[in-house]
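>>> Turn this into a structure:
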Amino acid sequence: MEETSNVQFTAYNNFIKVPSPQNALDFVISCHKYITILASKWREPGMTRKNKINEIISEMYLILLEDFSAGKSVTCKSAFAYLDSKLKRLVNPANKHFFSDLSEVSPSLLAGRNQLTFEKVNMIKEIVKIIRNNVVDNYSNNGLLLFLFIHIYPQIRWISELLSKDENIPFESRYEADLKRISRFNNNLRIEFNKLANGDWKDILNWNQAERSHLAWKIINIAPAEVESNTSEDLTLIDNWRENFDLHASQSLDKLSSAKKVYNSLSKCFQKSGNQLRVEEERDFWGNPPDIISQLIGDFYNHEGTVQENIAEYSLFDSIEESAESNAEKDLEFMEVARELNKWFGTLLAERNKKSAEKIINW
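Residues are numbered from 1 along each chain as shown. Just a heads-up that it's a prediction; the model follows:
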């Protein structure tokens, strides 16, 4: 399939070339069937169809704003696979994941991504960058521990078992050291978060659940633009590892090999900060590690009644029809949501472009 052979691919490429509100709207409209299928598979009894479409389109606009740009463009195939993965996770939350409790909230709390302001988007960007940099700084070659902790599953013991097996060293010594390394990582995050240029990170505790869910998945997911293009298959493999992770199963060194490739590629794409705090390899941190990342999004709520359904058979690639625009135009509820959210997207995009222009002038 040629990457510009249908309406969706063309609309995506038009946005990458000229990231305007109109081109973003055209792309969303081209995905009408895909979006409505996802909305129909979102089994949240307390959410209306309109609310579901609102959250899906809001997330799409945020992905276009935050993850895709002409400066680091990716192939349509990689971009759509990333979109597909993130949006399906929104609709069908994982039960085993680091932030799985985010799926167990009241339906009314799942709505509200479109309340994200440019200031909040900037804070998310800075927080994710700090976390990525702290992982790839790789002090004493232990960044892979942090990578697996964040992007696969946040339990230290299984990581220590896997890495000790890979390195052919005793598990006990590796595990004891890894506990200190995770504590040091959290301590460094706390120090750097306290110096944010884009607000007070503790304000995130007052964000709505949808906003914090978006932040969570920005931390967990690695966008194609964050790594080299030759790691796209490995990126898919580690996404599948995370989504189907079994803590009690024997972990494969083949999966670890893919994780290493993605980690090494991420390290090349993020500049090491050179923070001298990281040289204190043997410093002890007593007590339980201050889990900063979970603290950012940890105000969870219990919710019953969610019906999980396998939606893997629905792909962004096979959902397009030549009459996509005309079908969308007939869906008045969809068009109302898409156009209203496009105004919000346009505001965020204008603020981003303004800030980018100011940086160029100041430089």
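
>>> ok, then the element right after the worst-scoring helix or strand of the chain on mean pLDDT?
Taking mean pLDDT, DSSP states H and E as the measure, the helix or strand of the chain with the lowest value is helix 107-110, at a mean of 49. Following helix 107-110 in sequence order, the next helix or strand is helix 118-136 (DSSP states H and E).

>>> could you say what helices and strands that following helix packs with?
For helix 118-136, the packing partners by 3 or more Cβ pairs under 8 Å, 6 or more residues apart in numbering; DSSP states H and E come out as helix 49-67, helix 143-151, helix 171-193, helix 209-220, helix 253-269, helix 332-362. Where you see a C-beta, it was placed from the backbone N, CA and C, and this is true even at glycine.

>>> right, so of those, which gets closest to H32?
Closest to H32 of these is helix 332-362 (Cβ to Cβ; 6.2 Å).

>>> Can you get me a residue count around the nearest residue to R339 once chain neighbours are set aside?
Of all residues not flanking R339 in the chain, L25 sits nearest, at 7.0 Å (Cβ to Cβ, 6 or more residues apart in numbering). Residues near L25, counting by other Cβ atoms under 10 Å, number 22.

>>> what's the answer for N6, then?
N6: 17 surrounding residues under other Cβ under 10 Å.

>>> and it, how far is that from K33?
Between N6 and K33 the computed distance is 12 Å (Cβ to Cβ, to the nearest Å).

>>> now for stretch 42-50, what's the gap between its first and last residues?
12 Å (Cα to Cα, to the nearest Å).

>>> for the stretch 101-250 of the chain, what are the low-confidence residue spans?
101-111, 138-141 (pLDDT under 70).

>>> do that again at 50, thanks
Low-confidence segments of the stretch 101-250 of the chain (pLDDT under 50): 101-109, 140.

>>> Leaving out sequence neighbours, find the closest residue to P170.
Setting aside the residues directly before and after it, P170 is nearest to S164 in space (Cβ to Cβ, 6+ apart), at 6.6 Å.

>>> for the one you found, what are its contacts?
P170, F171, R174, Y175 (Cβ atoms under 8 Å, 6 or more residues apart in numbering).

>>> sorry, back to before: export the helices and strands packed on helix 118-136 as TSV, with columns for mean neighbour count and distance to E119.
What follows is the helices and strands packed on helix 118-136, written out as TSV (neighbours: other Cβ atoms under 10 Å; distance: least, Cβ to Cβ, whole Å):
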stretch	mean neighbour count	distance to E119
helix 49-67	22	14
helix 143-151	22	25
helix 171-193	18	16
helix 209-220	22	12
helix 253-269	18	26
helix 332-362	14	9
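
>>> With respect to M123, which of those lies nearest?
Closest approach to M123 among these (Cβ to Cβ): helix 209-220, 8.7 Å.

>>> helices or strands next to that closest one in the packing?
helix 49-67, helix 76-91, helix 107-110, helix 118-136, helix 143-151, helix 292-297.

>>> quick one, that helix and helix 143-151 angle?
Compare the direction of helix 209-220 with that of helix 143-151 by axes from the mean of the first three to the mean of the last three Cα atoms, to 10 degrees and you get 150 degrees.

>>> Now helix 209-220 - C-alpha only, PDB.
Extracted C-alpha coordinates of helix 209-220, given in PDB (Å, rounded to 0.1, in the frame of the first residue of the first chain):
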ATOM      1  CA  GLN A 209      -8.600  12.400  35.800                       C
ATOM      2  CA  ALA A 210      -8.600  12.600  32.000                       C
ATOM      3  CA  GLU A 211      -5.700  15.100  32.000                       C
ATOM      4  CA  ARG A 212      -3.700  12.900  34.400                       C
ATOM      5  CA  SER A 213      -4.500   9.900  32.200                       C
ATOM      6  CA  HIS A 214      -3.100  11.700  29.200                       C
ATOM      7  CA  LEU A 215       0.000  12.600  31.200                       C
ATOM      8  CA  ALA A 216       0.400   9.000  32.300                       C
ATOM      9  CA  TRP A 217       0.400   7.700  28.800                       C
ATOM     10  CA  LYS A 218       2.700  10.400  27.600                       C
ATOM     11  CA  ILE A 219       5.200   9.000  30.200                       C
ATOM     12  CA  ILE A 220       4.600   5.400  29.300                       C
END
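
>>> Helix 143-151 and the very next helix or strand once past it, what's the angle between them?
Later in the chain than helix 209-220, the nearest helix or strand by DSSP H and E is helix 232-243. If you take the same axes, to 10 degrees, helix 232-243 sits at 60 degrees to helix 143-151.

>>> what about V74, is that helix, strand or coil?
coil (DSSP: H, G, I helix; E, B strand; the rest coil).

>>> Please report the distance of it from L38.
22 Å.

>>> same thing with K268?
34 Å.

>>> Equivalent analysis for I53, please.
Distance, I53 to L38, by Cβ to Cβ: 9 Å.

>>> what sits against the residue positioned nearest the centre of the chain?
Central residue of the chain (Cα atoms, centre = their mean): K218, 2.8 Å from the mean position. By Cβ under 8 Å, 6+ apart, K218 lies in contact with E66, I124, V128.

>>> what would the residues you listed look like in a markdown table with distance to H214?
Below are these laid out as a markdown table (distance: Cβ to Cβ, whole Å):
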| residue | distance to H214 |
| --- | --- |
| E66 | 9 |
| I124 | 7 |
| V128 | 11 |
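
>>> out of the residues you listed, which one sits closest to N353?
E66 (14.0 Å).
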